[in-house]
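Here is a sequence together with a model predicted from it:
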Amino acid sequence: MNLNLHFKNTLWLYLSSFLVLPIAYFIRVLYAQELTVADYGIFYGLFGFFAFFNFLRDWGINDASTYFVNKFLIEKNHSKIKTIFYFNHFFQLFLSILIAVALYYFNDVIFETFYKGELHIKPIFNLFILLWITDTIVATNRKFLDIFQDQKANTFFNLTLFSLIITLSLIAFYSTYINSFEIPTLAYLGAYLTISIFSFLYLLIKYKEYFISPSFYLDLGFFKKISKYSTSLLIAGFSGMVFTTTDIVIIQYFEGAESVAFYSTAVSSAILLTVLISPINRVIAPLTAKLWHSRKKTAISDILSFALNNFWALIVPLAALFAILSDNFILAVYGEKFMEASILLKYLSLGIIIYSINTILPALVNSIGKPKDLSRIILTIGLINFIGNLLVIQFLGTLGVVFVTIFSYFVGFALFVRVLSSEIKIRFDLMNFFKILFSSGIFIVVAMLLVKNLYIRYLNIEMLDFIINGGIVLMISSIFYVVALVATGVITKAKLQHLKQLLLSE
């Protein structure tokens, strides 16, 4: 197995993150400036509402594809790969259309329940239905690009997608013919339609030896095997839906669209912190699946142990800095009308430390063929999140939802590690973890002193002043942090050499 390929793909994913994430985030900032707080909350609330049904559309088949296609790649069985590819696309598209018809039919009930007094945005609901169907194709194409480790193409399509969204949005906002609250949905729909077509054509042309040339593997037992595996993940999909989307639905129901806007702003801002870790997940999941089918448990153990012992160093200081500068960040980027999001961002920034690690673990559980365990874990997390949100939102409001969410991250981490350790030896280095915490403490102290004494209004333009001051604080604090990591032995020549061997060895 050529792990050099995985190293190159990791670099492509980091490039994608550093290019796409700022554009995607700028889109949110643009919408925050051009829309009312309520309309902004409704738009991103609709994303959460439709994501509520993703588990039914997906039916676990995307994760099943990751597991089985990697197996068939090792076996060089092109017919089975082609069959899964088309079965995945058509099955999900069929389900998404069925669900879309039901949502269209019951849209009056949906608006009476969740969007009372917001009937002016009813026209975009139908556009969202089309967007959600189109996302089915984009998401499936992206999954197969991940499986084939074609992160160069993934980077291109992601960059093109968000560039199209921002271009269409800017053109439309300067137009006098479109209502402003309709523009985000129209821009997303146009961009997703374009990418769905071109990414599908790219897959057919680039991988014609898999998706065009072979004959279909038409065996009933084969479909039963795939369906059994994917159905076992359905509970995980349902629970994941509860875990990731019902918070927004609950906030919309109890608190209203403006609270959704503040919560969505805080969550999306905290997610920025995963820029150094999230790309690794896209590579490590298919890599682990291939290693598992090749019976190379020791290699998986090395990768997982190294990740769990050292990834904290990438996220802890950034999370602390975001918590310290949350007021300045929200004011500079979103303006005073979004300042209520600041307190939510303070806590979510710290919670994202666990979340960032948790983005890797579920994919690993699936990659080693544990769909039932994955379902049980995510069901547990989902129930905690759902019930907890219902209980606390009536006493603590949106901030209570944040606390429940962070608690769920910790529960998930413990359960995922427990399942993985039953199959793979995980070597925890607690001393290394405490060294990272100590070094992060130095980072935090330096950052707080700099913010208190050197935060200066250079240009009297909030965003530019924040960028300048934040850059100075981050640069100086990072120097002290790296020195501390080296002095305590978290960063050593031996570790860097070991990382190189993990990624570059044949």
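Sure thing, it's come through. Predicted, not measured: the structure shown is a model, and the values here were computed from it.

How much space separates the residue lying farthest from the centre of the chain from residue 326?
Residue farthest from the centre of the chain, counting by Cα atoms, centre = their mean, is residue 453 at 35.9 Å. Using Cβ to Cβ, to the nearest Å, residue 453 is found at 19 Å from residue 326. C-beta: built from backbone N, CA, C; applies to glycine.

now residue 95, nearest residue through space, not along the chain?
The shortest distance from residue 95 to any non-neighbouring residue, by Cβ to Cβ, 6 or more residues apart in numbering, is to residue 57 (5.1 Å).

just residue 490 next, same as before
Nearest one to residue 490, counting by Cβ to Cβ, 6+ apart, is residue 435 at 5.0 Å.

Report the contact partners of the one you found.
The contact partners of residue 435, by Cβ atoms under 8 Å, 6 or more residues apart in numbering, come to 485, 488, 489, 490.

Now the two most distant members of those residues.
Across the contacts of residue 435, the longest distance by Cβ to Cβ is 8.3 Å; it joins 485 and 489.

who's more crowded, the two?
Ranked by neighbour count (other Cβ atoms under 10 Å), residue 485 and residue 489 place residue 485 first, with 21 against 12.

returning to that earlier point: per-residue confidence for the residue nearest to residue 490?
Each residue has a pLDDT score; the one for residue 435 is 88.

give me the element it is part of.
helix 430-454 (DSSP states H and E).

Okay, buried residues for that helix please.
For helix 430-454, burial by neighbour count (16 or more other Cβ atoms under 10 Å) applies to 432-433, 435-436, 439-440, 442-444, 446-447, 450-451.

And stretch 162-176, by the same measure?
Of all the residues in stretch 162-176, those buried under the rule 16+ other Cβ under 10 Å are 162, 164, 165, 166, 168, 169, 172, 173.

Out of those, flag the one nearest to residue 224.
residue 162 (39.3 Å).

ok so, going back, ok now the helix holding residue 435, how far from the chain's centre?
27 Å (Cα atoms, centre = their mean, to the nearest Å).

for stretch 297-308, same thing?
22 Å.

Test my guess that residue 263 contacts residue 344.
Yes - between residue 263 and residue 344 there is a contact at 6.2 Å, judged by Cβ atoms under 8 Å.

Show me the common contact partners of the two, please.
398, 402.

tally of neighbours for residue 101?
When counting by other Cβ under 10 Å, one arrives at 11 neighbours for residue 101.

secondary structure class for it?
Secondary structure state of residue 101, per DSSP: H, G, I helix; E, B strand; the rest coil, is helix.

hang on, residue 446 packs against residue 480?
Yes - at 4.8 Å, residue 446 and residue 480 qualify as touching, with contact defined as Cβ under 8 Å.

what ranges do the helices span in the stretch 1-150 of the chain?
Along the stretch 1-150 of the chain, the segments classed as helices by DSSP state H, counting those that start in this stretch run 3-34, 37-51, 54-58, 61-75, 78-105, 107-114, 122-147.

Also the stretch 351-500 of the chain?
Counting by DSSP H, counting those that start in this stretch, the segments of the stretch 351-500 of the chain that form helices are 361-367, 371-396, 398-423, 430-454, 462-488, 493-504.

what's the angle from the third one to helix 371-396?
Going back to what we said before, that points to helix 398-423. 160 degrees (axes from the mean of the first three to the mean of the last three Cα atoms, to 10 degrees).

All further residue positions should be reported with the first residue as 825.
All set: I'll call the first residue 825, so the last point we hit is now helix 1222-1247.

Mind giving me the packing neighbours of helix 1222-1247?
If contacts are counted by 3 or more Cβ pairs under 8 Å, 6 or more residues apart in numbering; DSSP states H and E, helix 1222-1247 sits against helix 1058-1078, helix 1081-1095, helix 1121-1134, helix 1165-1182, helix 1185-1191, helix 1195-1220.

quick one: low-confidence ranges for the chain?
In the predicted model, the chain carries pLDDT under 70 at residues 825-842, 938-945, 1000, 1056-1069, 1100-1107, 1109-1110, 1279-1288, 1322-1330.

now do 50
Across the chain, the ranges flagged by pLDDT under 50 are 825-827, 1329-1330.

Now residue 1074: closest residue in space that isn't a chain neighbour?
residue 1213 (4.9 Å).

wait, what's in contact with that neighbour?
1070, 1071, 1074, 1224, 1225, 1228.

Next, count neighbours for the third one.
Using other Cβ under 10 Å, the number of residues around residue 1074 comes to 19.

about what we covered before: the residue nearest to residue 1314 and residue 1305, how far apart?
Applying Cβ to Cβ to residue 1259 and residue 1305 gives a distance of 12 Å.

And for residue 1088?
Taking Cβ to Cβ, one finds residue 1088 at 30 Å from residue 1305.

what's the answer for residue 1098, then?
With Cβ to Cβ as the criterion, residue 1098 and residue 1305 are 18 Å apart.

Repeat that for residue 955.
42 Å.

Just want to know which of those two has more residues nearby.
residue 1305 (24 against 21).

neighbouring contacts of stretch 845-864?
Residues contacting stretch 845-864 (Cβ under 8 Å, 6+ apart): 867-868, 942, 945, 983, 986-987, 989-990, 993-994, 997, 1004-1005, 1007-1008, 1080-1082, 1085-1086, 1088-1089, 1092-1093, 1096, 1099, 1157-1159, 1161-1162.

Could you rerun that using 6 Å?
Applying Cβ atoms under 6 Å, 6 or more residues apart in numbering, the contact partners of stretch 845-864 are 986, 989-990, 997, 1004-1005, 1008, 1081-1082, 1085, 1092, 1099, 1157-1158, 1161.

Stretch 922-931 too?
For stretch 922-931, using Cβ under 6 Å, 6+ apart, the contacting residues are 877, 880, 949, 953, 957.

Next, the buried residues of that stretch.
Applying 16+ other Cβ under 10 Å to stretch 922-931 flags 923, 924, 927 as buried.

now do stretch 1078-1091
1079-1091.

And for stretch 1306-1324?
1306, 1308, 1309, 1312, 1314, 1315.

Determine which two of these are furthest apart.
Greatest spatial distance among those (Cβ to Cβ): 1306 and 1312, at 11.0 Å.

tell me which element residue 1016 is part of?
Short version, using DSSP H and E: residue 1016 is in helix 1007-1030.

hmm, who's touching the helix or strand following that helix?
Heading C-terminal from helix 1007-1030, the first helix or strand you meet, by DSSP H and E, is helix 1032-1035. With Cβ under 6 Å, 6+ apart as the test, helix 1032-1035 has contacts from 902, 905, 906, 909, 1028.
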